[in-house]
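# return a 3D structure for these sequence lines:
(one chain, ligands or ions: 1)
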Amino acid sequence: MKVVKFGGSSLATGEQVAKVVSIINADAERRVIVTSAPGKRTPTDVKVTDLLIQYAQLTVAHQATEAVVTQILARYQAISDHFDLDHTVMETLTTRLRDLATTAFTDNAHLLAAFKAQGELLNAILLTAILNQQGVPAKFVDPQTVGLLVGGAPNDASVLSATYANLARWQLPVDTRIVFPGFFGYNQAGDICTFARGGSDITGAILSRGLRADLYENFTDVDAIFAVDNRIVAHPTMITKMSYREMRELSYAGFSVFQDEAIIPAIQGQIPVNVKNTNNPTAPGTLIVPEQFLFNPANPITGIACSDRFSALYLHRYLLNKEVGFTLKLLEIFQKYGLSYEHMPSGIDDLTIIFDQSKLDATTIHSLCRDIRTTLHPDYLEWIDDYAIIMVVGEGIAHTIDTMGKIIDSLTQNNIAIHMINQGASRISIMIGTQRKDAPAAVRHIYDTFFVKSEV
Ligand code: ASP
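Predicted coordinates:
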């Protein structure tokens, strides 16, 4: 049995939904279908989820909502028209959407979550009607009826483990496809709560684990995951197979196919994930599997990611390695500021602490550095604002001895200064810190060293 999730661009228009219907129809194992809300049709278009956020904000502010409601309904109407659906379907969607404005919610955060969730919910109702009309028996299932329970913040929820026990009890029908809205679950009080943005992927992963699927197919609009960002290297190699932890490391450092926590439930259930293209469904896509199924001796590297969302604090102090408690005091200062750090590579007398820039502002940085100076008396302290991290990732790194050397050579031969280099504790990634301006060239040179040379 396969759980199949379709992204926003796959469900954005009637033409796209027609492709989705044939993909579902082509394989009887595609028994659980997870929807996203209609996404962008053109680069300047607005996603239905963003329109719903506007609708929620206007409702809270007691302002006129008619224009945005009309805009949202038009998106579903266009899909419905493409299939010439019975008008009762759009009537159901219209009533549900309009009723939101007069429903009582626990608070405004829950109101926002409930409004946002309608994007996937209405799309699931619509897709169910379309499948049935096209002769593919289908049934809409609300996450509440099967016990998809979540906790945490109403708009950044996480799944509760009770969900898996609930899903294990669910008897899936044999001849009917299940259409399940992505992106949200219910808390113990029965309120709708959504995952973080992009969270329909999480729903697919949860269902795959809970229903013990053989495969989690994730349909998007690219043929496969590229080994490197195609804005940096033209026509890069496609990754046909990668491990879960390679995917995690690459998405952390900037690969944008999944939000970095999205497939964790699939990993926990050891369910293989196949990223595929709705516009080219017969292409094999990228298969993401547990580590033990993988090792490609031809190339130790699977992918190279790069992110410039970092800042770094560099500290130098003679005999740091002999000093007891230095790092502890430093961490206590971070704790005082409620700051988590990303990485902390160290040398004998040196320590670099790398932060996610979005968690810091100028005032915090200023007082943080002042506190460190007065408490720890470093010989040298520097705040580096333009820090980029390049992550070279591959299961093969743990099995080869010259990967690090080749990376260093490719950068030094091209006059790129390395601020930091660190082989990750997982032994499958090498992290390189450079100045932001050097990062794209660095990625290109590393790519050319391990893959077919890129066109410039
Ligand atoms: N529709 C939601 C969003 O735009 C969730 C998703 O597409 O996965 O974030």
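
# residue contacts, the residue lying closest to L160 once chain neighbours are set aside?
The shortest distance from L160 to any non-neighbouring residue, by Cβ to Cβ, 6 or more residues apart in numbering, is to L149 (4.4 Å). From N, CA and C alone the C-beta is placed, and that goes for glycine too. Neighbouring residues of L149 by Cβ atoms under 8 Å, 6 or more residues apart in numbering: 159-160, 162-163, 166, 185-188.

# so in terms of bridging, what pairs with L149?
Beta bridges link L149 to Y186, judged by DSSP bridges.

# number the residues from 734 up from this point.
Understood, numbering begins at 734; the last thing we discussed is L882.

# about what we covered before: list only buried entries from the contacts of L882.
With burial judged by 16 or more other Cβ atoms under 10 Å, the buried subset of the contacts of L882 is 892-893, 896, 899, 918-920.

# still on that earlier bit, can you tell me which of the contacts of L882 is nearest H968?
Of all the contacts of L882, V892 has the smallest distance to H968: 38.1 Å, by Cβ to Cβ.

# just checking, the closest one touches R942?
No. Counting by Cβ atoms under 8 Å, V892 stays clear of R942, with 9.3 Å between them.

# show me which residues of the protein sit near the ligand.
By the rule Cβ under 6 Å from any ligand atom, the part of the chain lying against the ligand is 741, 769-770, 780, 782, 852, 915-916, 930-934.

# re earlier: need the max-distance pair from the buried ones among the contacts of L882.
N899 and N920 (13.9 Å).

# neighbouring contacts of stretch 753-768?
734-739, 743-744, 853, 856-857, 860, 863-864, 867, 869, 871, 905, 910-915, 933, 936-937, 940, 944, 946-948, 950, 952, 1011, 1014.

# narrow those residues to those in strands?
Here DSSP state E is the test, and the contacts of stretch 753-768 give 735-739, 871, 910-914, 948, 950, 952 as lying in strands.

# re earlier: out of the contacts of stretch 753-768, which end up buried?
Counted by 16+ other Cβ under 10 Å, the contacts of stretch 753-768 give 735-739, 743-744, 853, 856-857, 860, 863-864, 869, 871, 910-915, 933, 936-937, 940, 944, 946, 948, 950, 952, 1011, 1014 as buried.

# now the strands for the stretch 784-933 of the chain?
871-873, 883-886, 889-892, 910-914, 917-919, 925-927 (DSSP state E, counting those that start in this stretch).

# which one of the ones you listed lies nearest to T1145?
strand 889-892 (42.7 Å).

# parallel or antiparallel, which strands does the closest one pair with?
Partners of strand 889-892 in its sheet, by DSSP bridges: strand 883-886 (antiparallel).

# low-confidence ranges in the stretch 984-1133 of the chain?
For the stretch 984-1133 of the chain, the stretches flagged by pLDDT under 70 are 993, 1026-1030.

# which parts of it are strands?
1006-1010, 1019-1022, 1036-1049, 1083-1089, 1113-1126.

# let's have those strands in TSV, adding distance to R764 and mean neighbour count.
Shown next, in TSV, are these (distance: least, Cβ to Cβ, whole Å; neighbours: other Cβ atoms under 10 Å):
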stretch	distance to R764	mean neighbour count
strand 1006-1010	15	22
strand 1019-1022	20	22
strand 1036-1049	31	21
strand 1083-1089	39	20
strand 1113-1126	33	20
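
# next, the distance between the ends of stretch 826-843.
With Cα to Cα, to the nearest Å as the measure, stretch 826-843 spans 20 Å from end to end.

# could the strands of the stretch 784-933 of the chain go into CSV alongside distance to A986?
Converted to CSV, the strands of the stretch 784-933 of the chain look like this (distance: least, Cβ to Cβ, whole Å):
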stretch, distance to A986
strand 871-873, 38
strand 883-886, 25
strand 889-892, 22
strand 910-914, 31
strand 917-919, 28
strand 925-927, 26
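
# quick one: closest of these to Q992.
strand 889-892 (11.3 Å).

# and the gap between T746 and the ligand?
15 Å (Cβ to the nearest ligand atom, to the nearest Å).

# can you give me the buried ones in stretch 1100-1112?
1101-1102, 1104-1105, 1109, 1111.

# if we can go back for a sec, list just the nearest of the contacts of L882 to the ligand.
Taking Cβ to the nearest ligand atom as the measure, the ligand lies nearest G918 of those, at 13.0 Å.
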